[in-house]
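J.: dropping a prediction and its sequence here:
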Amino acid sequence: MKMLFPHRTFQKIHHTPRGVLLFTRALAALLLPVLFLMPAPCTGESAETIVRDAFDYWRGEASVSRLTMTIHRPSWQRTVSIDAWTQGESESLFVIKAPAKDRGNGTLKKGRTMWVYNPKVNKIIKLPPSMMSQSWQGSDFSNNDLAKTDSLIYDYTHSLTGQTTQHGHTVYSIRSDPKPDAPVIWGMITLEIRDDHILLKETFFDEELEPVKEMTASDIQPVDGKPFPMTWRMAKTDTQDEYTLMVYDALTFQQELNPNTFTRANLIKVGR
């Protein structure tokens, strides 16, 4: 290959101010097309990746927990104790342990199918998809919310709308819009997710894009070597006096649970 700048020519122009200028311009002319052909530097994760990472972080590979749920209304308040198991993206089991009158009521989710068990009638009922968004045990959490359903991943498209810095962390603001014909009731969901995958806030909007309820996370503590919010608050946006608190009393993350955990037979067994 013929050199554009033979050694002696380079020596000649290098030692004069005009020579340096000519050489710099020639070199820039050579490199500029190459720079345009290089791929643009990565600007960060996509909204889809941020949402999926937060979802996976929230559920972990598998988890076992004891929860206290407090349902607060202006004229009354109810508290229930719950044992919970989750695995992967779509397996969940929740069973009420107290109070005594509700003991044994449970919910099992596998894939897109959910069953509920009522020990008083000793019967398992399969819920239709339309019931997945209904209130769980009269709380502000739906069946989908409680099970940390993968619907958020597969039924919505996500776009990054902004980011801020809070307490040394970057917090991403994300808008999630339902895909055409997705079996969901929300017209839009907005998320605030920290750069360490912690979901800080989730706001649910109706078909008119009016906010209906909002979930916020707090009391972040180390759990099995990673920070995790131990308190979740779901509240109606049009009133401050109707909300549900979900507090982790105990929580462990595991690699895998017994395959028989997420079966209808076990739904009955742990409910007794």
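T.: Arrived safely.

J.: each with direction, which strands does the helix or strand that contains Met69 pair with?
T.: Met69 is part of strand 62-73, with elements assigned from DSSP states H and E. Strand pairing for strand 62-73, determined by DSSP bridges: strand 76-87 (antiparallel), strand 243-254 (antiparallel).

J.: tell me which of those strands sits nearest to Glu192.
T.: strand 243-254 (18.0 Å; C-beta to C-beta). Using the backbone N, CA and C atoms, a C-beta is placed for each residue, glycine as well.

J.: give the rounded mean pLDDT of the closest one.
T.: Mean pLDDT, strand 243-254: 96.

J.: do stretch 187-206 as well
T.: 97.

J.: return that stretch as PDB; C-alpha atoms alone will do.
T.: Extracted in PDB, the C-alpha atoms of stretch 187-206 (Å, rounded to 0.1, in the frame of the first residue of the first chain):
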ATOM      1  CA  GLY A 187     -54.600   2.600  30.300                       C
ATOM      2  CA  MET A 188     -51.100   3.400  31.400                       C
ATOM      3  CA  ILE A 189     -48.600   2.600  34.100                       C
ATOM      4  CA  THR A 190     -45.700   4.800  35.200                       C
ATOM      5  CA  LEU A 191     -42.700   3.500  37.000                       C
ATOM      6  CA  GLU A 192     -39.800   5.000  39.000                       C
ATOM      7  CA  ILE A 193     -36.900   2.500  39.100                       C
ATOM      8  CA  ARG A 194     -33.500   3.100  40.800                       C
ATOM      9  CA  ASP A 195     -30.200   2.200  39.100                       C
ATOM     10  CA  ASP A 196     -29.800  -0.700  41.400                       C
ATOM     11  CA  HIS A 197     -33.100  -2.200  40.100                       C
ATOM     12  CA  ILE A 198     -35.200  -1.200  43.100                       C
ATOM     13  CA  LEU A 199     -38.800  -0.300  42.100                       C
ATOM     14  CA  LEU A 200     -39.600   2.900  44.000                       C
ATOM     15  CA  LYS A 201     -43.000   3.800  42.700                       C
ATOM     16  CA  GLU A 202     -45.700   2.400  40.400                       C
ATOM     17  CA  THR A 203     -48.700   4.500  39.400                       C
ATOM     18  CA  PHE A 204     -51.800   3.000  37.700                       C
ATOM     19  CA  PHE A 205     -54.000   5.000  35.300                       C
ATOM     20  CA  ASP A 206     -57.400   4.300  33.900                       C
END
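
J.: I'd like to check what contacts it. Which residues are they?
T.: Outside stretch 187-206, the residues that touch it by C-beta atoms under 8 Å, 6 or more residues apart in numbering are 50-51, 53-54, 56-58, 152, 156, 161, 166, 169-178, 186, 207-209, 211-217, 220, 227-229, 237.

J.: just the ones of those residues in helices?
T.: 50-51, 53-54, 56-58, 152 (DSSP state H).

J.: buried set for stretch 62-69?
T.: Applying a neighbour-count criterion of 16 or more other C-beta atoms under 10 Å, one finds 62-65, 67, 69 buried in stretch 62-69.

J.: and of the residues you listed, the nearest to Thr263?
T.: Nearest member of the buried residues of stretch 62-69 to Thr263, counting by C-beta to C-beta, is Ala62, at 15.1 Å.

J.: spatially central residue for the protein, please.
T.: Phe55 (3.3 Å; C-alpha atoms, centre = their mean).

J.: for that residue, which non-adjacent residue is spatially closest?
T.: Excluding the flanking residues, the one nearest Phe55 by C-beta to C-beta, 6 or more residues apart in numbering is Ile153, at 5.9 Å.
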